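K.L.:
Need coordinates for the below:
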Amino acid sequence: MRNIWTLHNYTFEIPYQQRGYKWTENNIEVLLEDLSTFLDTDTKSDVYCLQPVAVVPLVENQNKYSVIDGQQRLTTLYLLYKYLVADGSDLTEEKELYHYEYERDNDNKDRTMILRKKIDSEDDRTIDSFYITRAYNTILKWFKDKKDRRKQFQELIEKKIKDKSIQIIWYEVDKEKANETFRN
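P.N.:
Numbering: from 1, shown residues only. Alright, predicted model coming up:
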C-alpha cells in the first residue's frame, strides 16, 4: 500500500501499448462520490483503497516508472488534483500531483500538454484530448454545488487529514516480467 501523496513528484511513463485515457463521466462521478462518502464516514477504516497500480522501475532510485496497469486511476486523480490546486489554469511542475511522459508522444508531447494546460471546454481535436477535457469538466461540474468539499479533498490527497488517506496497492514488477504482467 502507498499513500497517493507519496507519489508526489514521481514520473510515470505511459508505454506505447497502453490505450489512451477513457474514463467516462460515470466512472469519475462514482470515484468522487466514494471519496465524499469516505470523508463523511466516521468508521474504523482510515484508508480509501484504490485498485492496484502495476509499474516497472525505469531509473533506479529516481522515482520514474512505466505504468503497466492503473493509468485511468492515476490520470483521474491527477485531473482532480489539478482542479483542486490550479483551478483550471496552466500547471507548473510544482503543482502537478505527479508527472507524465507518454512513450508514443515523444516528439510532440501532445497528451502531456493537454494535461498541463488550462482546460475550459471540451476539446475534440483528438480522442485523448476529448476524454481528458471531458473528465476535467465532469470534475468541475461535480464540485459546482459542493465548493465546500474542495479543501477537504485537497487535504485528503495531501495527507493533511488525521487518520484518513487515499492508498493504492503498489505492485512493482521486474522489467523481465512486464509484458507477461500486462497481458494478465
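K.L.:
And for the closest residue to Y98 other than its chain neighbours, the neighbour number?
P.N.:
The shortest distance from Y98 to any non-neighbouring residue, by C-beta to C-beta, 6 or more residues apart in numbering, is to Y10 (4.6 Å). For glycine as for every other residue, the C-beta is placed from the backbone atoms N, C-alpha and C. Applying other C-beta atoms under 10 Å, we find 17 residues neighbouring Y10.
K.L.:
Can you give me every residue that contacts I161?
P.N.:
Applying C-beta atoms under 8 Å, 6 or more residues apart in numbering, we find I161 in contact with 39, 152, 155.
K.L.:
next one: the one helix or strand the last one maps to to chain centre, how far?
P.N.:
Okay, so that is E155. Assigned by DSSP states H and E, E155 falls within helix 149-157. With C-alpha atoms, centre = their mean, to the nearest Å as the basis, helix 149-157 stands 15 Å off its chain's centre.
K.L.:
Could you list the residues in contact with that helix?
P.N.:
So helix 149-157 is in contact with 4-5, 35-36, 38-39, 48, 77, 80-81, 84-85, 97, 143, 160-161, 164-166, going by C-beta under 8 Å, 6+ apart.
K.L.:
What's the first helix or strand after it?
P.N.:
Following helix 149-157 toward the C-terminus (DSSP H and E): strand 165-172.
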